[in-house]
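S.K.: sequence first, predicted coordinates after that:
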Amino acid sequence: MASLEPIAVSAPPGRGRIAWRRYFSNPLLVTGTVIMSVVALLALLAPWTTSYDPYSIETLNRLQPPSGEHLFGTDQLGRDVFTRVVYGIRVSLLVGASVTAIAGAIGLLVGLASAYSPVCDHIFMRICDGLYAFPSILLAISIVAIMGPQTGNVILALTIVYIPSIARIVRSAALVVQEKTFIEGLRAQGAGVFRIMGLHMLPNVLSPLIVQVSFVFAVSILTEASLSFLGAGIPAPEPSLGNLLLDGKNVIFKAWWMTVFPGVFIILMILGLNLLGDGLRDFLDPGAGSNKRFAKRKNAVRRRRRRSD
C-alpha cells in the first residue's frame, strides 16, 4: 500500500499583507502618497534644507536668477526664493491640516446628529444651505475681511466654509446606515443615542469621511493661496505660496522664477492630494474600484470592436 504523505497547505495571507498588496496595486494612492510625503518632508525639514533666513533682506542680491547659490533665485528684496517657498509650504500644510481636522470633526458631529434627529436635521441642514448660497471664496474673503488677515482667522474662515460639504457627506452615509434593521433592533433593546451613533453609525461613515477630507485638504490649500494672492490671507512678510505669487506678479517678465516655482509646488500639492483622495476611494471601497475597472475594460472592448468593424 502506498504511504499517505501529508499535504502541505499554505496559510492564507493575513489582513495586513492583503492590505499592503491592495495598496501597492493602487497606482493613484501610491503616487499621491509619494508626492505628499516628499512635499511634507521638504517642509518639515525646512531649517535643515536651507541655510537662509526667509525674512532676511539683501538688496545687493535682488532679482538674481536661479543658480548654485540660490536654487530658485532671489526676489525683489534679495530674499532666497527657495527658502521662502519651503516655509510657504509649511504654512499651506498647517492651514490645510488645521481646516481639515476642525471641519472634519465638526462636520462629522453635525452629520451624525442630522441623520439621527429630525429636529437637528432641520436646523443644521438649513444653516448649511445658507452657507452654500455663497461662493466659497467670497464667503472666506468676507469672514477674513471682518476679522482681519491673520493665520488663525484664515483657518477659522475656511473651516466655516467647508463644514457644510463634510456634514452633508456624513449625513448621507449615516442615513443609509440608519435604515438598517440592526439599528431598529438596537433601539428596541433600549440602546442609547451615543451607543448607536458612536459604535454603529460612526464606523460606517468613516470611509466617505476620509475621502472627503482629503479633497477638503486640497481645496483649503488652494483657497488659502487664492486669499493670500488677493491680499486677504496670510499677512506679509510671512512666507506663503499665495504671497510669493503676489510678489512675483509685478516682475513676472523680469523674474519668472518668483511665480513659476511657487505655482509648481501648489500644483504638486493639489495633484498629490487629489490622487490620494481618488486612491483612498478605491482602497476603502474595492467594489467601486472594480466596477470602474470593469467599465473601462468594457469600453475598451467596444472600441476595439468598432475599429475592427
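M.R.: Here it is on my side, so go on.
S.K.: remind me which residues of the chain are low pLDDT?
M.R.: Residues of the chain meeting the criterion pLDDT under 70: 1-16, 191-193, 286-309.
S.K.: longest helix of it?
M.R.: When the chain is parsed with DSSP state H, its longest helix is helix 81-116.
S.K.: pull out the buried residues from the next helix or strand after that one.
M.R.: Proceeding N to C from helix 81-116, the next assigned helix or strand is helix 118-132, under DSSP states H and E. Buried residues in helix 118-132, counted by 16 or more other CB atoms under 10 Å: 120-121, 124-125, 128, 131. In this view, the C-beta of every residue, glycine as well, is placed from N, C-alpha and C.
S.K.: which of these lies closest to residue 223?
M.R.: Closest to residue 223 out of the buried residues of helix 118-132 is residue 131 (14.3 Å), distances taken as CB to CB.
S.K.: just checking, that closest one touches residue 162?
M.R.: No. Using CB atoms under 8 Å, residue 131 makes no contact with residue 162, being 9.5 Å away.
S.K.: can you redo the buried residues of helix 118-132 as JSON lines with distance to residue 278?
M.R.: Compiled in JSON lines, those are given as follows (distance: CB to CB, whole Å):
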{"residue": "120", "distance to residue 278": "32"}
{"residue": "121", "distance to residue 278": "30"}
{"residue": "124", "distance to residue 278": "29"}
{"residue": "125", "distance to residue 278": "28"}
{"residue": "128", "distance to residue 278": "25"}
{"residue": "131", "distance to residue 278": "26"}
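S.K.: nearest to residue 27, of these?
M.R.: Closest approach between the buried residues of helix 118-132 and residue 27, by CB to CB: residue 128, at 35.0 Å.
S.K.: okay, now residue 62: neighbour count?
M.R.: If you count neighbours by other CB atoms under 10 Å, residue 62 ends up with 15.
S.K.: does the residue nearest to residue 261 when sequence neighbours are not counted count as helix, strand or coil?
M.R.: Once flanking residues are discounted, residue 261 sits nearest to residue 72: 4.7 Å by CB to CB, 6 or more residues apart in numbering. Following DSSP: H, G, I helix; E, B strand; the rest coil, residue 72 is assigned to coil.
S.K.: follow-up on the earlier one: mind listing what's buried in the longest helix of the chain?
M.R.: Neighbour-count burial for helix 81-116, counted by 16+ other CB under 10 Å, picks out 81-93, 95-96, 98-100, 102-104, 106-116.
S.K.: repeat for stretch 63-75
M.R.: Buried residues in stretch 63-75 (16+ other CB under 10 Å): 64, 66, 70-75.
S.K.: how far is stretch 100-117 from where the chain is centred?
M.R.: Counting by CA atoms, centre = their mean, to the nearest Å, stretch 100-117 is centred 17 Å from the centre of its parent chain.
S.K.: same question, stretch 84-95
M.R.: With CA atoms, centre = their mean, you get 15 Å for stretch 84-95.
S.K.: would you mind measuring from residue 196 to residue 256?
M.R.: 58 Å (CB to CB, to the nearest Å).
S.K.: which of those two has more residues huddled nearby?
M.R.: Legend: neighbour count by other CB under 10 Å for residue 196 and residue 256, higher for residue 196 (19 against 14).
S.K.: nearest residue to that one other than its sequence neighbours?
M.R.: Distances taken as CB to CB, 6+ apart put residue 186 closest to residue 196, at 5.6 Å, once the chain neighbours are dropped.
S.K.: show me what counts as buried in the strand or helix carrying that neighbour.
M.R.: Element membership for residue 186 (DSSP H and E) is helix 181-188. Neighbour counts using 16+ other CB under 10 Å place 183, 186 of helix 181-188 among the buried residues.
S.K.: angle of it against helix 81-116?
M.R.: 60 degrees (axes from the mean of the first three to the mean of the last three CA atoms, to 10 degrees).
S.K.: what about the helices in the protein?
M.R.: 15-24, 27-44, 46-49, 81-116, 118-132, 136-147, 151-178, 181-188, 193-195, 202-229, 241-249, 257-284, 286-308.
S.K.: in stretch 157-169, which residues are buried?
M.R.: Under the neighbour-count criterion of 16+ other CB under 10 Å, stretch 157-169 has 157-169 buried.
S.K.: my error: substitute stretch 267-285 in the last question.
M.R.: Quick answer for stretch 267-285 (16+ other CB under 10 Å): 269-270, 272-283.
S.K.: same question, stretch 197-205
M.R.: Along stretch 197-205, these residues count as buried under the neighbour rule (16+ other CB under 10 Å): 197, 200-202, 205.
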